[in-house]
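Student: 3D model of this:
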Amino acid sequence: ATDMVGVQKRSWGMNKDKGQKLQRSQTEAMVQFLELKHMNRTLNLLKQQIRSQARDQSRSLDELNLQLQSLVYEKTNLKQKIAQCRSFKFEQPQNLLTNNEFESLLDSEEAKQIKQVGPHEYKIARLNKELDQRKL
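Tutor: Residues are numbered from 1 along each chain as shown. Have a look, this model is predicted:
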């Protein structure tokens, strides 16, 4: 009988150890579970921050693309206007003064100045002189 009591006490001690081990395991599992939840929360916050940054960058990129499209349109429009200006043909009036007639109307100082300018300025001076002659 005493042997039975000793065996029961030993088995009770083993069950007690198993119970404590089980409780420790449960506690560790709960701590790990809480750590896992904390990491999940942290990752979700990080994910939200990254998405927010990506949205901001996307908006910025969209804005830059719109500016680029606007500039490309403006460039194309200006090229068309330049082409129109270059293709413009100026019709000269038929009854303009000849170069000799123009130079004969100038005094000696004006003639010196006119010979020093380029062809465009020469033509402008000639047209202005023609206009002055018509006004008289």
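Student: which residues are contacting the helix or strand where residue 100 lies?
Tutor: In this assignment (DSSP states H and E), residue 100 forms part of helix 99-105. If you take C-beta atoms under 8 Å, 6 or more residues apart in numbering as the criterion, helix 99-105 is touched by 97, 111, 114, 126, 129-130, 133. Quick note: C-beta positions are derived from backbone N, CA and C, even for glycine.
Student: buried set for it?
Tutor: residue 102 (16 or more other C-beta atoms under 10 Å).
Student: Figure out how far that helix is from the centre of its chain.
Tutor: Taking C-alpha atoms, centre = their mean, to the nearest Å, the mean C-alpha location of helix 99-105 is offset from the chain mean by 59 Å.
Student: same deal with stretch 57-65?
Tutor: That offset, for stretch 57-65, works out to 6 Å (C-alpha atoms, centre = their mean).
Student: Having no further points to raise, I will conclude here.
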